[in-house]
Structures are given as structure tokens and as C-alpha cells.
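> structure of the sequence below:
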Amino acid sequence: MFIEKEFTSEGSILRGRWYAAQDKDNAPCIVMCHGTTGTVSMALSSYAIEFQKTGFNVFLYDHVGFGRSEGKIRQTINPWVQGRGIADAVAFVKSQEESHNGKIVLWGDSFAGMMTLVVASLIDNLAGAISFSAPCGLDVLEFEDPEKSFETLKRIFYNGEFDQLEDLAREGPMPVVSSDQEANPSLLKPIQAFRWFLDQGGQWNSDWENRVTRVIPKTEVPFSPLVTAPFIQVPVLMMNGKKDEMPQVIREVQLEVFNRLKNRKQLYEIDGGHFGALYPQTPLFYEALAVQSAFIKSVT
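Numbers count the residues shown, from 1 in each chain. Below is the predicted model of the structure:
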């Protein structure tokens, strides 16, 4: 159902799967990536297959240093580095001119859902963006000069050399999930996260590792959709899980990001918390898929 393709980002080879639609030349392409430590063999492969059946092309890839992708430092999350990976994935898809109709939609879940809301403001000629259960920050941030803050973020993003930035915060190496937070604390603490990662990452040949380091570089402005939301010029679907159990996901902040979007936008709240719709072939999975497919058809 797919062929393997690769591209280069920040000097590393990133690898993914291309799911071609039956009428690929006349179909849009969805660029998909997982959130915290997820790989192409986990839940998003099921989404990609269903999108393919619906008539969309999909390029689903692993972030730098995770899964099948290469990287200078493995199992390390840096939003600036992963965000550049998203931009480079889009550039790669654009170069595959005979494999789609030129209309590209960004799709990210969880931490990648947050990054989608940042990168969508920085890339020209997108058709739309879907952000799924995004952690948009712990607090609502105000900016004295929003346009200046956005231009500063854009400058940092395109200057690169993120490994030379000083750390604002660093956690790890540590487990992604753990059943015993006292003896073996993990980055993601809720039991629902433990259950989902063991279910999806525990499958044969998933390439998932229960180890991660999270880095937040010290920058003039944060890598945050609170900065970029007013400057996204394409339609956005924000799909949020009701009663999201992840401490990093604050509904008030998600809604503030949504309110700051100036272009066409849609908010859809789905049952099941953070992970409910990320269990393939469940009613919530198909509900999310139907809403997202309708949105993609409306923008492409």
C-alpha cells in the first residue's frame, strides 16, 4: 500500500512512506507526522491507509532521530529541529510534482499537532492544516508586538543551527512512559499514555523506543502557536480531545490559539481524551477520520 521515500533535513536523512491514491495525479497530498516519539508503524499508518482509500495521497514520515529516520542525536525532541523537518517534508512533497495535484495539507497529532500550528504559518502555498490534540502551552501568552514576535520566530526558524542554541530546559534521557512514576519517572505520566504506547509501540517492527530526551532551546520568542496563529493564512481544523488527560494539554490555551486564528477555521471536540481516536478501527477513529476527510475535501 506504500513505497518508502526519503529526504534530507538539517543534514540528516528522514524516511517515510508514500501512500499513493488510485488517481494520484488529481489528488492532494497529506503530510503526516506523529507526536512525541511516535513512528510510522504506529497509529498514523492506519489513518494513512484510510486516507489513501478515500482518494488522498499521503506522505507519513519519522522525525529526525526517531524510527527509521537518521539523526545526529537519537531519541531527542527539539521543536525547532522537528519543525524544520516538517517544512523540509513539504518541500520534498512539492518536488514530487507528478505524484499529486499540488495541494498539500499538513497533519500532526499531539506534539506534532502543536508544531503544525507553527509551521503552517511559515510555508507558502499550503491548502490547509489539521492539528489533532495539540499541547499549545501551559499558559496564555501575550505579546507586546505580535507581528515583531512572529518575524523573530520566522528568522530563528530559517536561520537554523539549532544545535548551537543554549538550552532553556532539558529533560532526559528518561522513559517515554512508565508504570511506576516513583521508581522510574517518565516524560509522559498518565496511565492512558502508558497504555497507548505499550499497545502501539509494543507491536512487532514498530521501531519505537521507550527512551527520550526533550530539549527546549532558549530563544527570543518561544516556538509556540500563540505566536503564529494570527499569521496562518490557510484553513485550519483543530480537533481536540474532550477531557484531555495529558497535563501538557490545557483547553483554555487551545481555545486561545483557535480564537487567534484569523482565516477560515473549524473546531471539533471529540470524546476519548488524548488517545481515544488514536486507537485504530474504533468508533472514535472513524469519527475523527470522517471529520478530517470532509475538511480535506473542502480545502482541496
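
> please count neighbours and contacts with C-alpha atoms only from this point.
OK.

> pull the number of nearby residues for residue 122.
Residues contacting residue 122 under the criterion other C-alpha atoms under 10 Å number 20.

> once you drop chain neighbours, what's closest to it?
Excluding its sequence neighbours, the residue lying closest to residue 122 (C-alpha to C-alpha, 6 or more residues apart in numbering) is residue 154, at 6.9 Å.

> check residue 73 too.
Once flanking residues are discounted, residue 73 sits nearest to residue 65: 6.1 Å by C-alpha to C-alpha, 6+ apart.

> I'd assumed residue 82 was in contact with the one you found.
No - look at residue 65 against residue 82 with C-alpha atoms under 8 Å: they stay out of range, at 9.6 Å.

> need the three-state assignment for residue 107.
strand (DSSP: H, G, I helix; E, B strand; the rest coil).

> contact partners for it?
Residue 107 makes contacts with 30, 31, 32, 33, 113, 116, 129, 130, 131, 132, as judged by C-alpha atoms under 8 Å, 6 or more residues apart in numbering.

> can we see that at 6 Å?
Residues counted as contacts of residue 107 (C-alpha atoms under 6 Å, 6 or more residues apart in numbering) are 31, 32, 129, 130.

> what distance do you get for it to residue 160?
According to C-alpha to C-alpha, to the nearest Å, residue 107 and residue 160 sit 23 Å apart.

> next, the buried residues of the helix or strand harbouring residue 150.
Secondary structure assigned from DSSP states H and E places residue 150 in helix 146-159. Burial within helix 146-159, assessed by neighbour count using 16 or more other C-alpha atoms under 10 Å, is assigned to 149, 150, 152, 153, 154, 156, 157.

> tell me the one among the residues you listed nearest to residue 263.
residue 150 (16.4 Å; C-alpha to C-alpha).

> and the gap between the closest one and residue 257?
14 Å.

> the stretch 51-200 of the chain: helices as residue ranges?
All helices of the stretch 51-200 of the chain, identified by DSSP state H, counting those that start in this stretch, fall at 79-95, 111-119, 146-159, 191-201.

> in TSV: those, plus mean pLDDT and distance to residue 236.
Putting those into TSV (pLDDT from 0 to 100; distance: least, C-alpha to C-alpha, whole Å) gives the following:
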stretch	mean pLDDT	distance to residue 236
helix 79-95	97	16
helix 111-119	98	8
helix 146-159	96	18
helix 191-201	97	26
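
> so which of the ones you listed is the most packed in?
For the helices of the stretch 51-200 of the chain, the largest average neighbour count (mean count of other C-alpha atoms under 10 Å) is found in helix 111-119, namely a mean of 27.

> how about it as PDB, C-alpha atoms only?
Once side chains and other backbone atoms are set aside, the C-alpha atoms of helix 111-119 remain, and they are given as PDB (Å, rounded to 0.1, in the frame of the first residue of the first chain):
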ATOM      1  CA  PHE A 111       3.200  17.500  20.000                       C
ATOM      2  CA  ALA A 112       3.300  17.400  16.100                       C
ATOM      3  CA  GLY A 113      -0.200  19.000  16.200                       C
ATOM      4  CA  MET A 114       1.400  21.900  18.000                       C
ATOM      5  CA  MET A 115       4.200  22.100  15.500                       C
ATOM      6  CA  THR A 116       1.700  22.000  12.600                       C
ATOM      7  CA  LEU A 117       0.200  25.200  14.000                       C
ATOM      8  CA  VAL A 118       3.600  26.900  14.000                       C
ATOM      9  CA  VAL A 119       4.900  25.600  10.700                       C
END
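
> on contacts alone, who are the packing partners of that helix?
Contact analysis of helix 111-119 by 3 or more C-alpha pairs under 6 Å, 6 or more residues apart in numbering; DSSP states H and E lists helix 225-228 as its packing neighbours.

> which strands and helices lie in contact with the helix or strand just after the helix it packs on?
Note on helix 225-228: by DSSP H and E, the next helix or strand toward the C-terminus is strand 236-241. If you count contacts as 3+ C-alpha pairs under 6 Å, 6+ apart, strand 236-241 packs onto strand 128-132, strand 265-270.

> strands paired with strand 236-241, and their directions?
strand 128-132 (parallel), strand 265-270 (parallel) (DSSP bridges).

> quick one: closest of the ones you listed to residue 225.
Distance to residue 225, taken as C-alpha to C-alpha, is lowest for strand 128-132 among those, at 10.8 Å.

> that closest one vs helix 111-119, what angle?
When axes from the mean of the first three to the mean of the last three C-alpha atoms, to 10 degrees is applied, the directions of strand 128-132 and helix 111-119 differ by 150 degrees.

> can you tell me the helix or strand for residue 288?
The secondary structure element spanning residue 288 is helix 283-299 (assigned by DSSP H and E).

> all set, thanks.
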